[in-house]
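Chemist: Could you look at this predicted model? Sequence included:
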Amino acid sequence: METENKNVHFIAIGGSAMHNLAIALSRKGMNVTGSDDEIFEPSKSRLDAQGILPSNIGWDENLIHKGLDAVILGMHARENNPELLKAKELNIPIFSYPEYLYEQSKHKKRVVIGGSHGKTTITSMLLHAVNAVGMNVDYMVGAQLEGYDCMVKISDEAEVMILEGDEYLSSPIDHRPKFHLYNPHVALISGIAWDHINVFPTFQNYLEQFDLFCSMIEGKGTLIYNTEDSEVNLLGLKYKHSLSTIPYATPTYVVTENGTSLYFDGKNYELKIFGGHNLQNLIGAMHLGESIGISNDKFLNAMSTFTGAGKRLQKVVESENFLMYKDFAHSPSKLKATTKAVKEQYASRKVVACMELHTFSSLKKEFLPQYKDAMNAADEAIVYFSPEVVKHKKLEEITEQQVSEGFGGNVRVMTETKEVLDFIHKQDWSGAVLLMMSSGNFDGIDYDALGAEIKK
């Protein structure tokens, strides 16, 4: 797609994904406009710094005119959005976020990372190695990473586009999963664990989306798949005759004081990351690196300086006697993997794990049994949920007993942030580890302040 005279308008420009794409297109030289009925930080400041923050909050159909070459529609907008209706009336091409990413990368080699968990970590690992060897690639990753001021890069020069492949809906008018629109040349699936039950009401329905994703890999393309996930392994076997398939699994490793010693292909590599799940992700990322010309040895050497993806098992504070981590974990599989990894790394320490039920799926009564034994690795486990959030999401009420039974009865269930903080403050943290897990923030807990307070 030519960048000259390209005028693009974003409906719902303030979204975490949308504002990154808007900044990337502006940096590419396109004329970018946008609108939204609410824009929060950090989107607001970042759009302002790029000079593309809307001057007014709200929708305005006058922003839609025949001079536009494309309209990009975000999930936050509604089907009856006045700007969307005007764009349809004027026959302006309307794209979802993933559609436009494909449009900008259709002449490039597309590498897509899919899976219910581990996507951001694997994408981050691959980008870390790419930077270490000085390779020029375009990319889209779903979380803010350290060292990046924008999580989308689109250029005319790069021959490869690395895309984190989310299975959620593309837009209010396009209910296809995002990763169905990328048509990868190289794809990876890290694991399949039922999620987004508001969209995929059964596990079978959810599973079908990954099968379809595999069927959309370009002819003679490559599927890299995790053999330790039974459903992913079945897909790898199903597509081995039509695609080049590369299986991977957790490598041989030893826990060290500062992380992990990985043994691969006759050599030891010292890493700062830890946990079997992280190392499994690393091997998947290594195969992706190989698919774009990075040797295994170069990749693993580059990983010696990788400390983790943003909000993914991130160290908040460390002192001689106390450690605190935060993690984006909220799904049952990720919760189990993260808790297990921390306990394995700090086997001689008491591990206290606190998690917040925050997503639509996690707060549904029918989904709670999926969490059975998810926090068993912790010495003490707290599960928090807000009845107000349940109400706000218009879900059926859940009780503390239902949550406790869902997790297997090995957890304490709390419904007030103060209760969680009171519990934490009463603990003896000498020689202990605190692990906070949520896609939210326990309705207002400042992790940095809490960690600093305990450290004192």
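Modeler: Looks like it came in fine. Nothing here was measured: the structure is a model prediction, and the numbers come from that model.
Chemist: pLDDT below threshold where in the stretch 201-350 of the chain?
Modeler: Residue ranges of the stretch 201-350 of the chain with pLDDT under 70: 310-311.
Chemist: K119 and G165 touch, don't they?
Modeler: Yes: assessed by C-beta atoms under 8 Å, K119 is found in contact with G165 at 6.7 Å. Yep, even glycine has a C-beta here, placed from its N, CA and C like the rest.
Chemist: Please identify every residue contacting each of the two.
Modeler: Residues touching both K119 and G165 (C-beta atoms under 8 Å, 6 or more residues apart in numbering): I113.
Chemist: And for F40, nearest residue in space, chain neighbours not counted?
Modeler: Nearest non-adjacent residue to F40, counting by C-beta to C-beta, 6 or more residues apart in numbering: G14, 6.8 Å away.
Chemist: Contacts only, for the one you found.
Modeler: The contact partners of G14, by C-beta under 8 Å, 6+ apart, come to 34, 36, 38-40, 43-44, 47, 76.
Chemist: Helix, strand, or coil at I122?
Modeler: Counting by DSSP: H, G, I helix; E, B strand; the rest coil, the backbone at I122 sits in helix.
Chemist: Report the contact partners of it.
Modeler: I122 neighbours (C-beta under 8 Å, 6+ apart): 113, 115, 188, 190, 281, 284-285, 288.
Chemist: S155 now?
Modeler: Contacts of S155 (C-beta under 8 Å, 6+ apart): 28, 136, 138.
Chemist: Would you quantify the distance from the residue located most distally from the centre of the chain to C214?
Modeler: In the chain, the residue that sits farthest from the middle, by C-alpha atoms, centre = their mean, is K66; the gap is 36.1 Å. Distance of K66 to C214, computed by C-beta to C-beta, to the nearest Å: 41 Å.
Chemist: One more: E89?
Modeler: Taking C-beta to C-beta, one finds E89 at 38 Å from C214.
Chemist: between the two, who's got more neighbours?
Modeler: The residue with more neighbours, out of E89 and C214, is C214; 22 against 10, by other C-beta atoms under 10 Å.
Chemist: Kindly confirm whether my reading is correct that the more buried one touches L237.
Modeler: No: using C-beta under 8 Å, C214 makes no contact with L237, being 11.1 Å away.
Chemist: tell me the contacts of the residue positioned nearest the centre of the chain?
Modeler: In the chain, the C-alpha nearest the mean C-alpha coordinate belongs to T120, at 4.4 Å (C-alpha atoms, centre = their mean). Residues near T120 by C-beta under 8 Å, 6+ apart: 141-143, 164, 309-310, 312, 328.
Chemist: and if we set it to 7 Å?
Modeler: 141-143, 164, 309, 312 (C-beta atoms under 7 Å, 6 or more residues apart in numbering).
Chemist: again with D195
Modeler: By C-beta under 7 Å, 6+ apart, the contact list for D195 reads 116, 206, 331, 361.
Chemist: And for D373?
Modeler: Counted by C-beta under 7 Å, 6+ apart, D373 has contacts G408.
Chemist: and the contacts of D195, which two are the farthest apart?
Modeler: Within the contacts of D195, Y206 and S331 form the most distant pair, 11.8 Å apart (C-beta to C-beta).
Chemist: What's the separation between the spatially closest residue to Q370 that is not a sequence neighbour and S244?
Modeler: Of all residues not flanking Q370 in the chain, P332 sits nearest, at 4.7 Å (C-beta to C-beta, 6+ apart). With distances taken as C-beta to C-beta, P332 is found 32 Å from S244.
Chemist: Please say which of these two ends up with more neighbours.
Modeler: Counted by other C-beta under 10 Å, P332 and S244 do not tie: P332 has more neighbours, with 26 against 14.
Chemist: quick revisit: ok, the contacts of D195 vs A347, which is closest?
Modeler: Distances from A347 to these, taken by C-beta to C-beta, are shortest for S331, at 24.7 Å.
Chemist: Quick check: the closest one touching G118?
Modeler: No: counting by C-beta atoms under 7 Å, no contact exists between S331 and G118, whose distance comes to 10.7 Å.
Chemist: So for those two, which residue has more residues nearby?
Modeler: G118 (27 against 24).
Chemist: Skipping adjacent residues, who's closest to that one in space?
Modeler: Using C-beta to C-beta, 6+ apart, the closest residue to G118 is S190 (3.9 Å).
Chemist: What's the per-residue pLDDT of K153 here?
Modeler: K153 is assigned 96 on the pLDDT scale.
Chemist: Next: the one 4 residues further on.
Modeler: In the prediction, the pLDDT value recorded for E157 is 96.
Chemist: who touches it in this structure?
Modeler: So E157 contacts N136 (C-beta under 7 Å, 6+ apart).
Chemist: quick revisit: look at the residue nearest to F40 and give its secondary structure.
Modeler: Secondary structure, three-state DSSP: G14 is coil.
Chemist: separation between it and Y168?
Modeler: Relative to Y168, G14 is positioned 18 Å away (C-beta to C-beta).
Chemist: What of G440?
Modeler: As judged by C-beta to C-beta, G440 and Y168 stand 17 Å apart.
Chemist: now N7
Modeler: 28 Å.
Chemist: again, but for N321
Modeler: Counting by C-beta to C-beta, the gap from N321 to Y168 is 41 Å.
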